[in-house]
Every structure is written in structure tokens, then in C-alpha cells.
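A.B. asks: Have a look; sequence and predicted model below, questions after that.
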Amino acid sequence: MALEIIPFDATEFLDTKESQAHLIEDAFESGDAGYIAHALGVVAKARGMSRVARDAGVTREALYKSLSEKGDPKLSTLIGVAAALGYKLTATRVDDSDTREDERRSA
């Protein structure tokens with residue numbers, strides 16, 4: 001009897017905004033650009049790639065390419081996709097001991 005392999009499609013399991021948020025948060029926490037692009041692509045696919053592409057101001061084809069595991073989206077694409085998915089990108093300083101060190105040196 002032959003073994004039937006069914007391709008795994010994560011979008012089938014990311015049917016709530018909460019589950020989608022967990023994936024995106026995990027990807028950004030990893031700091032891995034490929035994982036971030038892929039996670040955004042999976043969530044965009046779960047929500048409807050055409051709609052997300054339109055809302056982000058890019059073509060669907062360009063979105064598929066830039067949000068693949070090997071994709072490297074431009075910052076403007078990343079910001080547009082994040083906004084289309086209901087996110088905004090912010091920066092958080094990881095360790096502010098560097099700031100205190102700089103302040104001590106300049107005093």
C-alpha cells in the first residue's frame with residue numbers, strides 16, 4: 001500500500017487573528033528575516049493574498065515573491081503588508097545599558 005503524502009498548509013490552521021498574531025510575533029522575536037517574510041506571507045495567504053496585496057500597494061505576484069522563505073521584501077513592502085494585516089512596526093531598544101555607558105563616557 002502506497003503512502004499518501006498531503007502537503008501541509010499552515011493557512012488552514014491560522015484561521016483566527018490571535019493565531020496569526022502568535023506566528024507574526026514569534027517570527028519578529030526570532031530576528032530571522034526569512035522567517036519574518038515567510039510568516040507574513042502565510043498570514044497574508046490566510047487572509048487573502050489579493051486583498052492584502054491591494055491594501056499594501058503591490059501586485060499579488062510581487063507579494064508572493066517577496067514574502068516567500070527566500071524573499072527579501074523592501075522596507076516599504078514590509079510596512080505596507082504589516083499595515084494591511086493590521087500591524088504597525090515599532091522599534092524597541094533591546095538593552096539600554098549601552099545608553100548609560102555612552103552617557104558616562106560623555107560626562
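C.D. replies: Cool, the structure landed.
A.B. asks: Who are the contact partners of the residue positioned nearest the centre of the chain?
C.D. replies: Nearest to the mean C-alpha position of the chain, by CA atoms, centre = their mean, lies Leu40 at 3.3 Å. Contact partners of Leu40, counting by CB atoms under 8 Å, 6 or more residues apart in numbering, are 24, 27, 67, 73, 78, 81-82, 85. C-betas here are computed from N, CA, C, even on glycine.
A.B. asks: Filter the residues you listed down to the buried ones.
C.D. replies: Listed as buried from the contacts of Leu40 are 24, 27, 67, 73, 78, 81-82, 85; burial here means 16 or more other CB atoms under 10 Å.
A.B. asks: Take those and keep only those in helices.
C.D. replies: 24, 27, 78, 81-82 (DSSP state H).
A.B. asks: between those residues, which is closest to Arg51?
C.D. replies: Ranked by distance to Arg51 (CB to CB), these are led by Val81 at 11.6 Å.
A.B. asks: Isn't the closest one up against Val52?
C.D. replies: Yes - assessed by CB atoms under 8 Å, Val81 is found in contact with Val52 at 6.5 Å.
A.B. asks: residue contacts, the nearest residue to Lys45 once chain neighbours are set aside?
C.D. replies: Leaving aside its chain neighbours, Lys45 sits nearest to Thr11 (5.0 Å; criterion: CB to CB, 6 or more residues apart in numbering). Neighbouring residues of Thr11 by CB under 8 Å, 6+ apart: 42, 45-46.
A.B. asks: Run through the helices of this structure in chain order.
C.D. replies: Using DSSP H, helices in the chain cover 17-30, 33-47, 49-56, 60-66, 75-84, 97-106.
A.B. asks: most tightly surrounded among the ones you listed?
C.D. replies: Highest mean neighbour count of the helices of the chain: helix 33-47, a mean of 21 (counted as mean count of other CB atoms under 10 Å).
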